[in-house]
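Undergrad: just coords:
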């Protein structure tokens, strides 16, 4: 089990976002198991040919999302984030649904707005 990250210089996504998304995806899929130690910020930056601040930004975002946890000088590890992420997404969806209802949107209109937002974030279906 090793971390596999490919930076696409032609991508419209910023390098830190590519790093964040790829680590999150590998953690979610189980390719990076819970407790797997990630490379140091400097080590990964050097390996990918990126600035250390770019990798640090990705690690901070992953930590904020609960995907990884930093244990001080011991390093950064994949966290048991699956359940936490699902709970947080469910809570956000419920908050959205309650707000859409207060605004007087029909269920169909609320779903359409959510689909539009998801497409904007994830990209159009291919």
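TA: In hand now; what should we look at? Everything numeric in this text was worked out from a predicted model, so none of it was measured. Numbering: from 1, shown residues only.

Undergrad: any idea how far residue 30 is from residue 39?
TA: 19 Å (Cβ to Cβ, to the nearest Å). In short, each C-beta sits where N, CA and C put it, glycine included.

Undergrad: How about residue 6?
TA: Applying Cβ to Cβ to residue 6 and residue 30 gives a distance of 19 Å.

Undergrad: contacting residues around the helix or strand of the chain with the lowest mean pLDDT?
TA: Least confident element among the helices and strands of the chain, by mean pLDDT, DSSP states H and E: helix 82-102 (a mean of 81). Contact partners of helix 82-102, identified using Cβ atoms under 8 Å, 6 or more residues apart in numbering, comprise 28, 65-67, 109-110, 113-114.

Undergrad: Okay, and which of those map to strands?
TA: In strands, defined here by DSSP state E, there are no members of those.

Undergrad: Out of the residues you listed, who's the most crowded?
TA: Within those, neighbour counts (other Cβ atoms under 10 Å) peak at residue 67, which reaches 24 neighbours.

Undergrad: wait, isn't it in contact with residue 79?
TA: Yes: contact criterion Cβ atoms under 8 Å: residue 67 and residue 79 qualify, at 6.2 Å.

Undergrad: any shared contact partners between those two?
TA: Common neighbours of residue 67 and residue 79 (Cβ under 8 Å, 6+ apart) are residue 27.
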